[in-house]
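Chemist: pasted the sequence and its predicted model underneath.
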Amino acid sequence: MCFQAEALNREALFTDETENFRFPTEPLEGDDVYLRFRTARDNVDYVYYIEDGSRNEAVMEKSDSDGLFDYYEYKITVGRERISYSFKVVKGSEACYYNRLGATMDNQECFHFRIAPGFSTPDWAKGAIMYQIYVDRFCNGDPSNDVVDNEYFYIDQNVMHVSDWSKYPSQMDVGCFYGGDLQGVWDKLDYIQNLGVDVIYFNPIFVSPSNHKYDCQDYDHIDPHYGVIVKDGGEPLKSGSADNRQATKYMIRSTAKENLEASDAFFARFVAEVHRRGMKVILDGVFNHCGSFNKWLDGELLYQMSGDYEAGAYVSEDSPYHTFFKFYKDDAWPCNDSYDGWWGHSTLPKLNYEESPMLYEYIMKIARKWVSPPYNVDGWRLDVAADLGHSSEYNHQFWRDFRNAVKEANPKAIVLAEHYGDPSSWLAGDQWDTVMNYDAFMEPVTWFLTGMEKHSDESNPNLYGDGESFFRSMNYHMSRMMTNSMMVAMNELSNHDHSRFLTRTNRLVGRISTKGAKAASEGVNYGVFREAVLIQMTWPGAPTIYYGDEAGVCGWTDPDNRRTYPWGNENLELIEFHKYMTGLHHRIAALRRGSLKQLLAGRQLIAYGRFCGDSVCAVIVNNRATERDVQLPVWQLGLSDGDTLVRHMLTYETGYNVGRISYEVADGQVSVFLPANSAILLATDRV
């Protein structure tokens with residue numbers, strides 16, 4: 001066999017927080033929880049359960065064995081408090097601990113397994129395929145709601161309608177509108193569904209003057225430019241005018257109740273259609289700051305001009321919304337521009353929750369509104385969530401209350417936050433469900449496959465192709481969240497804030513301002529891109545496709561990453577490849593719920609397995625520019641000599657192959673030949 005029985009076989013040791021080794025995986029207060037631990041057969045003397053805060057090391061009982069492994073079990077009863085635990089394995093004079101990082105001699109509590117009684121993440125989101133849509137750039141289904149040239153003035157320029165759908169975004173792109181809308185998404189639901197998508201995640205769609213809409217003007221309503229304009233009129237600005245008091249056309253379109261109510265009703269019908277097709281919808285919530293156009297501030301006097309709204313805090317010291325913002329001058333009304341802006345941006349007024357219970361209640365109402373009938377949205381993605389409030393204590397309390405508000409209105413809704421760095425203090429079971437997975441997915445994948453930073457702003461040759469660093473980084477950052485959070489984490493290769501992954505494969509440092517738009521498509525490596533997609537579709541979490549990635553869209557970081565979807569000029573082979581991969585992700589149970597086991601790590605090489613009951617699969621990625629033979633130790637996944645693995649996908653530089661080839665296990669391994677820049681997915685027939 002491929003290990004020596006007389007030594008403590010650390011490669012055989014395994015446990016995690018999935019249903020394979022902990023059941024129930026998401027216990028309630030008072031539940032009995034059974035913990036299992038795997039060792040090589042007849043290879044250890046004792047396995048101990050160690051609970052933090054207890055001096056006792058409880059001996060686990062051997063409960064089962066198979067041809068390769070022994071399984072030890074221990075039962076605990078959970079109370080109200082969170083539990084943190086690890087294991088100790090002893091063989092003769094040898095001993096080691098086991099925690100979220102695996103077998104270790106250094107048993108730091110921060111890496112221990114955790115149970116948060118009552119904390120669960122939505123089952124529908126575990127392993128779900130998500131599709132992120134930046135609405136203005138996806139599809140124009142209703143030209144009548146398009147922003148028109150000079151409709152209003154925003155950030156030093158009159159806004160403009162871009163009539164050439166294929167035009168690259170300009171350097172100052174925020175006021176350029178291509179006309180994408182919700183009707184366009186509705187028109188393409190067949191395409192989205194056939195791609196294998198389970199969840200549509202929208203960048204913000206509430207009323208806002210920018211194309212990115214992270215500067216909300218009205219949280220209560222869908223932007224009529226994305227929805228329906230039933231009342232039109234007024235005039236755009238004269239060319240060169242910077243006075244939005246003359247922007248009567250925009251005032252009518254964005255503030256008239258007829259347009260707002262019609263757009264909300266349209267969105268409710270849209271969500272109902274998405275649900276009818278078996279998919280979900282997640283909205284982007286920007287609650288740290290709003291926009292200077294916001295009706296509570298009315299920095300452009302649009303709402304005062306309409307005559308149908310209460311005075312904004314910029315307009316009047318007596319505004320009911322005065323406390324929503326922090327003002328530094330008390331004698332500057334009317335038109336007090338001394339308000340606190342997020343990172344000093346006057347277009348992004350920071351919301352002043354600590355001094356405004358009314359604002360707090362308003363946002364909690366918004367949190368409930370959109371996940372409730374008639375809209376029934378399935379969750380929130382929270383923008384810059386760690387920045388909200390003016391203190392850490394308030395931030396955490398706000399998100400506890402926000403979670404409760406959302407879950408009371410819709411218990412199956414997800415609360416998913418944008419976050420960079422350690423999220424563990426928000427993922428203790430009482431605040432967020434999960435995060436956009438930069439640190440435990442996008443970053444390690446990007447460094448390993450391309451040696452590039454996720455904005456394409458720098459390269460690091462030391463991380464390029466370093467398989468050991470890939471797993472160290474992945475294991476460390478995954479340990480910062482419980483597994484039920486990890487299983488619903490948004491695993492993206494690209495998004496609206498970073499360069500397109502396909503562009504990163506050219507390994508060039510650059511931005512649109514330094515290299516120009518065309519350079520983003522030069523020298524890209526489709527083989528490396530397919531490797532990344534195969535990792536994305538086989539790694540724990542919710543694989544999230546940024547619209548157009550599947551069609552071959554390139555782009556430097558913001559704003560170039562916000563190019564339009566290339567309808568009629570798609571890379572059809574890439575789309576078909578994505579369909580194969582989403583299909584495999586759906587069909588192979590281990591890819592949605594299974595345990596993760598590292599198998600190999602080397603130069604330009606990683607290999608790992610996923611397993612869940614009878615469903616077992618293995619992935620090998622050869623990121624070097626030459627072919628190689630790999631001996632894969634699949635015994636670690638529970639496969640015995642004579643078992644077979646079947647090839648379901650092989651990617652390489654010029655394409656991919658889905659022909660089924662069987663690999664028989666011998667001496668605990670399978671021998672696999674891999675072309676240059678390739679990746680392979682093997683799985684048992686009993687998937």
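Modeler: Sure thing, it's come through.

Chemist: and stretch 126-136, how far from the chain's centre?
Modeler: Put simply, stretch 126-136 sits 9 Å off its chain's centre (Cα atoms, centre = their mean, to the nearest Å).

Chemist: okay, which residue is most central for the chain?
Modeler: Nearest to the geometric centre of the chain sits residue 490, at 2.2 Å (Cα atoms, centre = their mean).

Chemist: quick one: residues contacting that one.
Modeler: By Cβ atoms under 8 Å, 6 or more residues apart in numbering, residue 490 lies in contact with 130, 201, 381, 416, 434, 435, 436, 437, 541, 542, 544. For every residue, glycine as well, the C-beta is placed using N, CA and C.

Chemist: residue contacts, the fourth one?
Modeler: What that stands for is residue 416. 282, 379, 380, 381, 382, 432, 433, 434, 435, 436, 488, 490.

Chemist: try 7 Å
Modeler: Residues near residue 416 by Cβ atoms under 7 Å, 6 or more residues apart in numbering: 282, 379, 380, 381, 382, 432, 433, 434, 435, 490.

Chemist: now the longest helix that the chain contains - C-alpha only, CSV.
Modeler: In the chain, taking DSSP state H as the definition, the longest helix is helix 257-276. What follows is helix 257-276, C-alpha atoms only, in CSV (Å, rounded to 0.1, in the frame of the first residue of the first chain):
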residue,chain,number,x,y,z
LYS,A,257,-44.7,58.5,-8.4
GLU,A,258,-46.2,57.0,-11.5
ASN,A,259,-42.8,55.9,-12.8
LEU,A,260,-41.6,54.6,-9.5
GLU,A,261,-44.7,52.6,-8.8
ALA,A,262,-44.8,51.2,-12.3
SER,A,263,-41.1,50.2,-12.1
ASP,A,264,-41.7,48.5,-8.7
ALA,A,265,-44.6,46.5,-10.1
PHE,A,266,-42.6,45.5,-13.1
PHE,A,267,-39.8,44.3,-10.9
ALA,A,268,-42.3,42.2,-8.8
ARG,A,269,-43.5,40.5,-12.0
PHE,A,270,-39.9,40.0,-13.1
VAL,A,271,-39.0,38.2,-9.8
ALA,A,272,-42.1,36.1,-10.1
GLU,A,273,-41.0,35.0,-13.5
VAL,A,274,-37.5,34.2,-12.3
HIS,A,275,-39.0,32.1,-9.4
ARG,A,276,-41.3,30.3,-11.8
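
Chemist: show me what it is packed up against.
Modeler: helix 182-187, strand 218-222 (3 or more Cβ pairs under 7 Å, 6 or more residues apart in numbering; DSSP states H and E).

Chemist: and stretch 386-402, average pLDDT?
Modeler: For stretch 386-402, mean pLDDT rounds to 98.

Chemist: residues contacting it, please?
Modeler: Here stretch 386-402 makes contact (Cβ under 7 Å, 6+ apart) with 287-288, 353-354, 364, 367, 385, 419, 425-426, 430-432.

Chemist: can you list these in a markdown table and add distance to residue 96?
Modeler: Putting the contacts of stretch 386-402 into a markdown table (distance: Cβ to Cβ, whole Å) gives the following:
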| residue | distance to residue 96 |
| --- | --- |
| 287 | 45 |
| 288 | 44 |
| 353 | 47 |
| 354 | 48 |
| 364 | 48 |
| 367 | 46 |
| 385 | 37 |
| 419 | 32 |
| 425 | 29 |
| 426 | 31 |
| 430 | 33 |
| 431 | 34 |
| 432 | 33 |
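
Chemist: from the chain's centroid, how far away is the longest helix of the chain?
Modeler: 25 Å.

Chemist: just the buried residues of that helix, please?
Modeler: Residues 259, 260, 261, 262, 263, 264, 266, 267, 268, 270, 271, 274 are the ones in helix 257-276 that count as buried (16 or more other Cβ atoms under 10 Å).

Chemist: show me which of those is closest to residue 614.
Modeler: Using Cβ to Cβ, the shortest approach to residue 614 within these belongs to residue 274, at 33.1 Å.

Chemist: that closest one and residue 377, how far apart?
Modeler: Look at residue 274 and residue 377: by Cβ to Cβ, to the nearest Å, they are 10 Å apart.

Chemist: please enumerate the strands of the stretch 401-550 of the chain.
Modeler: 414-417, 434-435, 490-492, 542-546 (DSSP state E, counting those that start in this stretch).

Chemist: which strands border the shortest one, and is each parallel or antiparallel?
Modeler: I take that to be strand 434-435. Strand pairing for strand 434-435, determined by DSSP bridges: strand 414-417 (parallel).

Chemist: what residues are up against residue 96?
Modeler: Counting by Cβ under 7 Å, 6+ apart, residue 96 touches 10, 89, 103, 104, 105.

Chemist: top of these by number of neighbours, please.
Modeler: When neighbours are counted by other Cβ atoms under 10 Å, residue 89 leads the contacts of residue 96 with 24 neighbours.

Chemist: what residue ranges in this structure are flagged as low confidence?
Modeler: Within the chain, the segments meeting pLDDT under 70 span 1-5, 686-687.

Chemist: sorry, back to before: ok, of the contacts of stretch 386-402, which come out buried?
Modeler: Buried among these by 16+ other Cβ under 10 Å: 287, 288, 353, 354, 364, 367, 385, 419, 426, 431, 432.

Chemist: okay, the residues you listed in JSON lines with distance to residue 680 next?
Modeler: Output for the buried ones among the contacts of stretch 386-402, formatted as JSON lines (distance: Cβ to Cβ, whole Å):
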{"residue": "287", "distance to residue 680": "44"}
{"residue": "288", "distance to residue 680": "43"}
{"residue": "353", "distance to residue 680": "51"}
{"residue": "354", "distance to residue 680": "54"}
{"residue": "364", "distance to residue 680": "49"}
{"residue": "367", "distance to residue 680": "44"}
{"residue": "385", "distance to residue 680": "38"}
{"residue": "419", "distance to residue 680": "33"}
{"residue": "426", "distance to residue 680": "37"}
{"residue": "431", "distance to residue 680": "39"}
{"residue": "432", "distance to residue 680": "35"}
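
Chemist: so which of those residues belong to helices?
Modeler: Counting by DSSP H, the buried ones among the contacts of stretch 386-402 place 364, 367 in helices.

Chemist: and which of the buried ones among the contacts of stretch 386-402 is nearest to residue 494?
Modeler: Looking across those and measuring by Cβ to Cβ, the closest to residue 494 is residue 419, at 17.8 Å.

Chemist: show me what contacts residue 89?
Modeler: By Cβ under 7 Å, 6+ apart, residue 89 lies in contact with 8, 13, 39, 44, 47, 95, 96, 98.

Chemist: for it, give the beta-bridge partners.
Modeler: With beta bridges defined as DSSP bridges, residue 89 has these partners: residue 47, residue 96.
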